[in-house]
Each structure stands twice: as C-alpha cells, then as structure tokens.
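Novice: Sequence and predicted structure below; questions after.
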Amino acid sequence: MENLIEKTARHVRGVRSVKIYVERKGNRLLVTIKAIISPESNVPDVSKEIQQRVYDHIKSTVGIELADVRILVKNISNDFKAKQRVE
C-alpha cells in the first residue's frame, strides 16, 4: 500500500520526495505524507493535488476508502536526491 501511495504522490508536479505513513482507523486507513516540494510550486495547490490523487487512486485501484490523507510539507527545496539502488 505504501508503495502505491508513494508512486501516486511522486507523480504530482512539484513533489521532490515523499515519506508515507499508513495507520488503520477502524475499517479505513489514515495516510500521512511528508513531502519535500520544489520552491517554484504553489504549496497549497500541490498539497490538494496529492490528497486528491492518492484518495482517488487508492479507492479505484484497491477499493479502500481512506479516512484522511494528511500532507505535511517537510521542506521546500531545489535539491533532488534520487534513491540509490542497491543491487
């Protein structure tokens, strides 16, 4: 589930990186996304787009209704550090 949410959130324009946390709330899930956003982006717009895309994608793909999708902007940065692959 975390991987699906991460891929969805990272495809939003202006998102540099994300860290995903998922908690169970009854029969629904609470998603918290800590994001690093690029400085040229409108933070409220990017946050709303992340929320909507994640909510819609999880509902249509997995069929689970999310209790909430919380966005915490951890930083605003131009630095982009790609994840290193371990082989």
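Specialist: Thanks, I have it. Numbers count the residues shown, from 1 in each chain.
Novice: shouldn't residue 43 be in contact with residue 73?
Specialist: Yes - the pair residue 43 / residue 73 is scored as a contact, 5.8 Å apart, by CB atoms under 8 Å. Backbone N, C-alpha and C define where each C-beta goes, glycine included.
Novice: Find the nearest non-adjacent residue to residue 46, please.
Specialist: residue 14 (4.5 Å; CB to CB, 6 or more residues apart in numbering).
Novice: Touching both of residue 43 and residue 73, which residues are there?
Specialist: Here residue 43 and residue 73 share the contacting residues residue 37, scored by CB atoms under 8 Å, 6 or more residues apart in numbering.
Novice: quick one on the thing from earlier: who touches the residue nearest to residue 46 in this structure?
Specialist: 37, 38, 40, 41, 42, 46.
Novice: Now tabulate the residues you listed in JSON lines and tack on pLDDT, distance to residue 28 and secondary structure.
Specialist: Output for these, formatted as JSON lines (pLDDT from 0 to 100; distance: CB to CB, whole Å; DSSP: H, G, I helix; E, B strand; the rest coil):
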{"residue": "37", "pLDDT": "95", "distance to residue 28": "27", "secondary structure": "strand"}
{"residue": "38", "pLDDT": "93", "distance to residue 28": "31", "secondary structure": "coil"}
{"residue": "40", "pLDDT": "92", "distance to residue 28": "35", "secondary structure": "coil"}
{"residue": "41", "pLDDT": "92", "distance to residue 28": "29", "secondary structure": "coil"}
{"residue": "42", "pLDDT": "94", "distance to residue 28": "29", "secondary structure": "coil"}
{"residue": "46", "pLDDT": "96", "distance to residue 28": "24", "secondary structure": "helix"}
